[in-house]
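[1] prediction below, plus the sequence it came from.
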Amino acid sequence: MKPYIVAIFNQKGGISKTTTSTNLAVCLAAHGKSVVVIDLDSQGDSTKSLGVDPNSKKGIYDLFIGSAELAEVIQQTMFEGVRVIPSTYSLAGIEIKLSEMKDSQRTLSAIISQAQLDCDYVVIDCPPALGILPINALATAHAVIIPVTATPYANDGLLRTLPSIKYVQEGLNKALLLQGVLFTIHDRHKSARKISQLIRARLGGTVYAAEIPRDNMVIEAAAARLPVCIYAPRSSAAQAHLNFTGEFLDRHQKIAAKAGTEVEPPLSREVALGRLGRWQVELASKVSRPADDRLRQKEDQLDRMLYGNRTQFERWHLSLIHYFIDHRLYLMALLVVIMVSGLFALSMGFEGLRLLSSAIGLS
Ligand SMILES: Nc1ncnc2c1ncn2[C@@H]1O[C@H](COP(=O)(O)OP(=O)(O)OP(=O)(O)O)[C@@H](O)[C@H]1O
Ligand SMILES: [Mg+2]
């Protein structure tokens, strides 16, 4: 079986690459698919989130340098149908190692084609920034998904990410497809909606209809080292991840049909949700809710990551500007009415104003 390989990539940090990778993996498994997650980030976040210790055995680093076989490295996770090729902390030193090797940009591709991974999907969680590891991921993948958050920096991340994908499409991997752009950590406030509308207008159908809302359950889940779709399958973020997985599967089916290959249909959304619920119950005894101060610390970290050092006041200010832009016609009409009434009152005096108000039934 030849897996469909998808890289989750954006050069910007902290915009939910890992959260997207691990939730996509468990949702695919819940739909009856077999998945291998490759953790290419030395932080080992997706390894941890799938219940594997990045400090433990050998990992992707050892495959890169040829000191281990796939069977020694790949690990079954707690979730039926999901295996992981973990990151270990030694991965931080891979740039130097790979720079000494021949054809270093295609090392992962060579590993995967030799290893013959027996699964339906491979999900590659990329590190932030463009280095040898994301280039390897893009050179190996059939498709790439870009998670984006609708913050004032979103465009900046996209502007840096799209050319990197184009660079790989023009040389290392001509078949690489941009499967889609996914809005993540989506705030409901005005300025976020404005930014997402602008990006949707520019990228059209490339953007998935599903948007993953900002939901503190994701932070709780990450602190408990679980994907939110397992920790709280009925939370708004988990439901949105399920919707996204449905779209991902649809798009893949269309791509496969175009290429003349057949893909076995996935289990239904209802069945997938039921399986996630079962895994939640099975794991419940092993999971405890993280302490409130730890969660608050994580939320603050996320705010700093998304909005830089903008204060709360500056963020309200930004929302206000967007509000004025959106409602400028109504506001101008209101201003004209106020000015005309003022002029009328001045020219007619208070008696005129009294007459006017009685004429329109106010007195
Ligand atoms: N929908 C969401 N709602 C709230 N918090 C979220 C959501 N998605 C992700 N987060 C939180 O945002 C932070 C960054 O997410 P994540 O680690 O997935 O991003 P990343 O792009 O992989 O980061 P890095 O670039 O460091 O690898 C984490 O604390 C995560 O729990
Ligand atoms: Mg990450």
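    Thanks, I have the structure now. The structure presented is a predicted model; accordingly, all values stated were derived computationally and were not measured. Ligands and ions are numbered 1, 2, ... in the order given.

[2] so is stretch 47-57 next to ligand 1?
    No - judged by Cβ under 6 Å from any ligand atom, stretch 47-57 and ligand 1 are separated, with a smallest distance of 8.4 Å. Using the backbone N, CA and C atoms, a C-beta is placed for each residue, glycine as well.

[3] all strands of this structure, in order?
    Counting by DSSP state E, the chain has strands at residues 4-8, 35-39, 75-76, 82-85, 121-125, 143-148, 177-186, 207-213.

[4] ok, the closest residue to ligand 2 within the stretch 51-200 of the chain - contacts?
    Residue nearest to ligand 2 within the stretch 51-200 of the chain: Asp125 (6.0 Å; Cβ to the ion). Asp125 makes contact with 8, 17-18, 21-22, 37-41, 45-46, according to Cβ atoms under 8 Å, 6 or more residues apart in numbering.

[5] quick check: the residue most central in space within the chain vs Gln297, distance?
    Closest residue to the average C-alpha location of the chain: Pro147 at 3.7 Å, with Cα atoms, centre = their mean. Plainly put, Pro147 is 23 Å away from Gln297 if you go by Cβ to Cβ, to the nearest Å.

[6] can you check Ala221 too?
    In terms of Cβ to Cβ, Ala221 sits 16 Å off from Gln297.

[7] I'd say the residue nearest to the centre of the chain and Gly13 touch.
    No - using Cβ atoms under 8 Å, Pro147 is not in contact with Gly13; the gap is 11.4 Å.

[8] closest one of the contacts of Asp125 to Lys254?
    Of all these, Ile8 has the smallest distance to Lys254: 19.9 Å, by Cβ to Cβ.

[9] make CSV out of the strands of the chain and add distance to Ser347 and mean pLDDT.
    Shown next, in CSV, are the strands of the chain (distance: least, Cβ to Cβ, whole Å; pLDDT from 0 to 100):
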stretch, distance to Ser347, mean pLDDT
strand 4-8, 66, 97
strand 35-39, 74, 97
strand 75-76, 83, 94
strand 82-85, 77, 97
strand 121-125, 70, 98
strand 143-148, 55, 96
strand 177-186, 51, 94
strand 207-213, 53, 95
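
[10] any chance of those strands in CSV, plus distance to Pro54?
    CSV is the format used below for the strands of the chain (distance: least, Cβ to Cβ, whole Å):
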stretch, distance to Pro54
strand 4-8, 18
strand 35-39, 8
strand 75-76, 11
strand 82-85, 10
strand 121-125, 12
strand 143-148, 21
strand 177-186, 23
strand 207-213, 25
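
[11] tabulate the ones you listed (CSV), appending distance to ligand 1.
    Shown next, in CSV, are the strands of the chain (distance: least, Cβ to the nearest ligand atom, whole Å):
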stretch, distance to ligand 1
strand 4-8, 8
strand 35-39, 10
strand 75-76, 20
strand 82-85, 15
strand 121-125, 7
strand 143-148, 7
strand 177-186, 4
strand 207-213, 5
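
[12] and the ones you listed: which comes nearest Gly349?
    strand 177-186 (54.4 Å).

[13] and that closest one, anywhere near ligand 2?
    No - Strand 177-186 stays out of contact with ligand 2 when judged by Cβ under 5 Å from the ion, the minimum separation being 11.7 Å.

[14] lowest-scoring secondary structure element of the protein by mean pLDDT?
    helix 312-326 (a mean of 70; mean pLDDT, DSSP states H and E).

[15] ok, back up a step: which of the strands of the chain sits closest to Trp316?
    Closest to Trp316 of the strands of the chain is strand 177-186 (Cβ to Cβ; 18.5 Å).

[16] quick one, that closest one and strand 207-213 angle?
    Interaxial angle of strand 177-186 relative to strand 207-213 (axes from the mean of the first three to the mean of the last three Cα atoms, to 10 degrees): 30 degrees.

[17] dump strand 177-186 to PDB, restricted to CA.
    Extracted as PDB, the C-alpha positions of strand 177-186 are listed here (Å, rounded to 0.1, in the frame of the first residue of the first chain):
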ATOM      1  CA  LEU A 177       0.300  19.900  -4.400                       C
ATOM      2  CA  LEU A 178      -1.000  22.700  -2.100                       C
ATOM      3  CA  GLN A 179      -3.900  20.700  -0.700                       C
ATOM      4  CA  GLY A 180      -5.200  23.700   1.300                       C
ATOM      5  CA  VAL A 181      -4.900  26.500   3.700                       C
ATOM      6  CA  LEU A 182      -6.600  26.000   7.100                       C
ATOM      7  CA  PHE A 183      -7.600  28.800   9.500                       C
ATOM      8  CA  THR A 184      -6.600  27.800  13.000                       C
ATOM      9  CA  ILE A 185      -6.800  29.400  16.500                       C
ATOM     10  CA  HIS A 186      -9.600  31.500  14.900                       C
END
